[in-house]
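here you go, sequence then predicted model.
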Protein chains: 2
Amino acid sequence: MLSIDSNRLWNSLMELARIGATPKGGVRRLTLTDEDRRGRDLFVGWCRDAGMTIEVDAIGNIFARRPGTDPGLAPVTVGSHLDSQPSGGKFDGAYGVMAGLELVRTLNDAAMHTRAPIEVAAWTNEEGSRFVPTMMGSGVYAGVYPLELALAQKDIDGVTVREELQRIGYAGAAATHPMSAYFEAHIEQGPVLEQHGTTIGVVRGALGQRWFDVVLTGQDAHAGPTPMETRRDAMLAASLLVVDVNRIATTFPDYARGTVGFLQVRPNSRNVVPGEVRMSVDLRSAKDSTLTAMVDEMRRSAQAIADRTRVAIDIDEVVYFPPSEFAAALVDTVRSGAHARGYSHRDIVSGAAHDAVYLSRIAPTAMVFVPCEGGISHNELESARAEDLAAGCNVLLDAVLASARVG
Amino acid sequence: MLSIDSNRLWNSLMELARIGATPKGGVRRLTLTDEDRRGRDLFVGWCRDAGMTIEVDAIGNIFARRPGTDPGLAPVTVGSHLDSQPSGGKFDGAYGVMAGLELVRTLNDAAMHTRAPIEVAAWTNEEGSRFVPTMMGSGVYAGVYPLELALAQKDIDGVTVREELQRIGYAGAAATHPMSAYFEAHIEQGPVLEQHGTTIGVVRGALGQRWFDVVLTGQDAHAGPTPMETRRDAMLAASLLVVDVNRIATTFPDYARGTVGFLQVRPNSRNVVPGEVRMSVDLRSAKDSTLTAMVDEMRRSAQAIADRTRVAIDIDEVVYFPPSEFAAALVDTVRSGAHARGYSHRDIVSGAAHDAVYLSRIAPTAMVFVPCEGGISHNELESARAEDLAAGCNVLLDAVLASARVG
């Protein structure tokens, strides 16, 4: 059984992590900055050294191709992203790209040929920290966003994506092409695999997301002279809604999640009953029907709270991101590959979105998760074990070979 | 039955309100500013016109005295404050001082003499907006704060109370003197009288207050990949505590009140489970034993929430202000006076603190409340009806005469 080189994978990750390295051991490689350019150049150089040809498209996505023996077959693509959060880690995104490169190097060393070409993709601006939206490159590629809209996005200094792509030399002209399959390896960014002592997460899809802005309007009043029964306390109403969002998320099925991450109080003075609260609600589930039922229940709950507290509650939906279900055949391949290698594994659903979510709209797609320490990500402390990263890469190798077919 | 001049009282209030008048009909007369000086000068001039003598003490409290016929008796003092909130109203504080002046003018017109002297006091810096603490002048007078501490307080620009008192000419030398009684008339600053259609609030005392800073420490986590059961959500824990603070305040007796007016979330990002919340808790009750029981119940509740959510909850008490009970005989005088005049009245407990709360520690004290529109105060929209203000002033007149005794 062909296996990848764990040390080579690790060393590539560590060398890449020197670009934009932060004092605490993390990475700051914001999309389309000089650090991103240096990361891209390093990756492209390594791919050329591995005999691959490079194409770049108009939104800066990089495709490094190892030819197949059957010129009529669409490539099997593996990939992820090279950009990071402002205080990001060494593995988020970088692992998926380096794992693709490593499996090509392994095939080269074994002089093994595949019928379909193998392609390693680095998608532009997955993080969305400098330019919104997130997953910009894969989104444009999959037709979710118009190219022109993405190119015109500006960072906080007013610089556009178009200008930065040209400046760093990654404004290409490659056309969109079919893929016979898309695989992405990624750290879990959550605690599940680590808590279960599991090496491989067989990702069945990604949770749907519905995000809301909620404004609760009561009446400012002095905390001292205002009896409880005459108050219209926006803070109390908001708190009841937070509790209900959590109740809904813990009682609904299909990996239901509910979070109030943002909350702002006015006037926010200790002896004034708050007249206004603004808060976010983030509801997620693997099933769209469940997600809809959760939203209905939240709206019912909000109405009951409004009636009880005499606080007006306005709920505005700002993001809807349907659940993704990955290609069953490819998910099976990942699962059986992990089993054949003797790795502990479990089915999992991605709580966060990844480039694979958009790719799944245009190509059969699957993902491989490996544990990260404490589930911590988007943080300089993000960490993963070399043996887990290697196991994920081996599973990726087997899955790619099963799709691209040796020969 | 001698009655005050409603028009004269109203006109004095309106003329005073021109000093520091704001476009929306309110007043900005921050303590020890030029506006405060002009307000003080106007009051002192009016008192001199009414034949009163003026003394000022070292913290700038003004005492205007109408002599009594028995030189051995301590004065009956009425008063309140002339300073305002940054966006304050025309009646908060000003009413109590002008009502004192009006009853002296009324006695002058009737050539009526009292055995005890009558004194109208204007206490320095009740609001505490520019210099902390609130109720500085009455607090120093009652021995709650050392004079030197108060004089050394600085505003946001580093200017001291001592400097400003000297600059505006109100750094006096009058000694503290006994009072045979202290009365204060004030707008309610709450909704109770208006809601009951009542003219006179017979104030039996003021609620005790216990203020807390609460820090809830959980663990930041991504809203997507983190299952509900592994979270340590500080926002959920804080919300449960807010709900419990309200439950405690609505179930405990003795005018119990509970407010979370301030709450701050970290990192406050919509897709991150919050790792930290800082919030205030303000508990009030008219009985100290009830207040203690409320605090005990809040601590038990917080412990249960901490256990359930695995979020650490640290509770730090920052203010303790015991309940005040005003002098029963004087409260009876106010009640029977309102009754004799045929004014609707009800017993009430002040939810907020007033200068009278500190004075009650050194002299028999009572307060008279009149309604304010919508219970709104500390706001430019603060409003009160001339007839209610006159009724309160008549009740004050009767109570002062009962204490100072005609003759």
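Nice, I can see it. Residues are numbered from 1 along each chain as shown, chains lettered A, B, ... in the order given.

which single residue of the stretch 251-400 of chain A ends up nearest chain B?
In the stretch 251-400 of chain A, the residue that lies nearest chain B is residue A:351 (3.3 Å; Cβ to the nearest Cβ). From N, CA and C alone the C-beta is placed, and that goes for glycine too.

next helix or strand past the lowest-mean-pLDDT helix or strand in chain A?
Comparing every helix and strand of chain A by mean pLDDT, DSSP states H and E singles out strand A:221-222 as the least confident one, with a mean of 90. The first helix or strand that comes after strand A:221-222 along the chain, using DSSP states H and E, is helix A:234-251.

who does the next helix or strand after that following helix touch, helix- and strand-wise?
Proceeding C-terminally, helix A:234-251 gives way to strand A:257-259 as the next helix or strand, assigned by DSSP H and E. When contacts are defined as 3 or more Cβ pairs under 8 Å, 6 or more residues apart in numbering or on different chains; DSSP states H and E, strand A:257-259 packs onto helix A:234-251, strand A:276-285.

hmm, the residue of the stretch 251-400 of chain A closest to chain B is touching residue B:226, no?
Yes - counting by Cβ atoms under 8 Å, residue A:351 does reach residue B:226; the two are 6.8 Å apart.

residues that sit against both of those two, list them.
With contacts taken as Cβ atoms under 8 Å, 6 or more residues apart in numbering or on different chains, the residues that reach both residue A:351 and residue B:226 are A:190, A:257.

picking up where we left off before, note down every partner strand of the least confident helix or strand of chain A and its orientation.
Counting by DSSP bridges, the strands paired with strand A:221-222 are strand A:272-273 (antiparallel).

who touches the strand it pairs with?
Identification of contacts with strand A:272-273 by Cβ under 8 Å, 6+ apart yields A:218-223, A:226, A:231-233, A:235, B:259, B:261.

identify the residue of the stretch 51-200 of chain A closest to chain B, quick one.
For the stretch 51-200 of chain A, the residue closest to chain B is residue A:190, as judged by Cβ to the nearest Cβ, at 2.7 Å.

quick check: that residue touching residue B:223?
No - with contact defined as Cβ under 8 Å, residue A:190 does not count as touching residue B:223 (10.3 Å).

what touches both of those two?
Between them, residue A:190 and residue B:223 share these contacting residues under Cβ under 8 Å, 6+ apart: residue A:351.

helices of the stretch 1-150 of chain A, start to end?
Listed in chain order, the helices of the stretch 1-150 of chain A (DSSP state H, counting those that start in this stretch) span residues A:6-17, A:34-49, A:94-109, A:136-141, A:147-151.

swap that for the stretch 251-400 of chain A, please
Counting by DSSP H, counting those that start in this stretch, the stretch 251-400 of chain A has helices at residues A:288-309, A:328-340, A:355-359, A:386-404.

coming back round to it: ranking the helices of the stretch 1-150 of chain A by burial, who's on top?
A comparison of the helices of the stretch 1-150 of chain A by mean neighbour count, using mean count of other Cβ atoms under 10 Å in any protein chain shown, puts helix A:136-141 on top with a mean of 29.

tell me which strands and helices it is in contact with?
On the basis of 3+ Cβ pairs under 8 Å, 6+ apart, helix A:136-141 makes packing contacts with strand A:118-123, helix A:147-151, helix A:355-359.

what angle sits between the first one and helix A:34-49?
In this case it means strand A:118-123. Following axes from the mean of the first three to the mean of the last three Cα atoms, to 10 degrees, one obtains 170 degrees for the angle between strand A:118-123 and helix A:34-49.

direction included, what does strand A:118-123 pair against?
Based on DSSP bridges, the pairing partners of strand A:118-123 within the sheet are strand A:62-66 (antiparallel), strand A:76-81 (parallel).

ok, residues contacting the shortest one?
Going back to what we said before, that points to strand A:62-66. Strand A:62-66 has contacts (Cβ under 8 Å, 6+ apart) with A:40, A:43-44, A:47, A:50-57, A:75, A:77, A:101, A:104, A:107-108, A:114, A:117-122, A:170, A:174, A:177.

next, the angle from that strand to helix A:94-109.
Using the same axes, to 10 degrees, the inter-axis angle of strand A:62-66 relative to helix A:94-109 is 20 degrees.

quick one: distance of strand A:62-66 to the chain centre.
Here the centre of mass of C-alpha atoms in strand A:62-66, compared against the chain's by Cα atoms, centre = their mean, to the nearest Å, lies 21 Å away.

that strand - what's its average pLDDT?
For strand A:62-66, mean pLDDT rounds to 98.

CA-only coordinates of it in PDB, if you can.
Included here for strand A:62-66 are C-alpha records, laid out as PDB according to Å, rounded to 0.1, in the frame of the first residue of the first chain:
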ATOM      1  CA  ILE A  62      -4.200  28.400  -8.800                       C
ATOM      2  CA  PHE A  63      -4.500  25.000 -10.500                       C
ATOM      3  CA  ALA A  64      -1.400  22.800 -10.600                       C
ATOM      4  CA  ARG A  65      -1.800  19.800 -12.800                       C
ATOM      5  CA  ARG A  66      -0.200  16.400 -13.000                       C
END
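
what's the burial count for the closest residue to residue A:253 other than its chain neighbours?
Spatially, and ignoring its direct neighbours in sequence, residue A:253 is nearest to residue A:290 (6.2 Å; Cβ to Cβ, 6 or more residues apart in numbering or on different chains). Taking other Cβ atoms under 10 Å in any protein chain shown as the criterion, the count of residues near residue A:290 is 19.

please apply the same query to residue A:159.
15.

who's in contact with stretch A:391-399?
Contact partners of stretch A:391-399, identified using Cβ under 8 Å, 6+ apart, comprise A:2-4, A:6, A:9, A:78, A:95, A:99-100, A:102-103, A:106, A:183, A:185, A:199-200, A:330, A:333-334, A:337-338, A:340-341, A:343, A:366, A:368-370.

which ChimeraX command selects the buried ones in those?
The following ChimeraX selection, which keeps only the buried ones among the contacts of stretch A:391-399, applies the criterion 16 or more other Cβ atoms under 10 Å in any protein chain shown:
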select /A:4,6,9,78,95,99,100,102,103,106,183,185,199,200,330,333,334,337,338,341,343,366,368,369,370
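
could you export the helices of the stretch 1-150 of chain A as a markdown table, including mean pLDDT and distance to residue A:384?
What follows is the helices of the stretch 1-150 of chain A, written out as a markdown table (pLDDT from 0 to 100; distance: least, Cβ to Cβ, whole Å):
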| stretch | mean pLDDT | distance to residue A:384 |
| --- | --- | --- |
| helix A:6-17 | 98 | 9 |
| helix A:34-49 | 98 | 18 |
| helix A:94-109 | 98 | 7 |
| helix A:136-141 | 98 | 22 |
| helix A:147-151 | 97 | 30 |
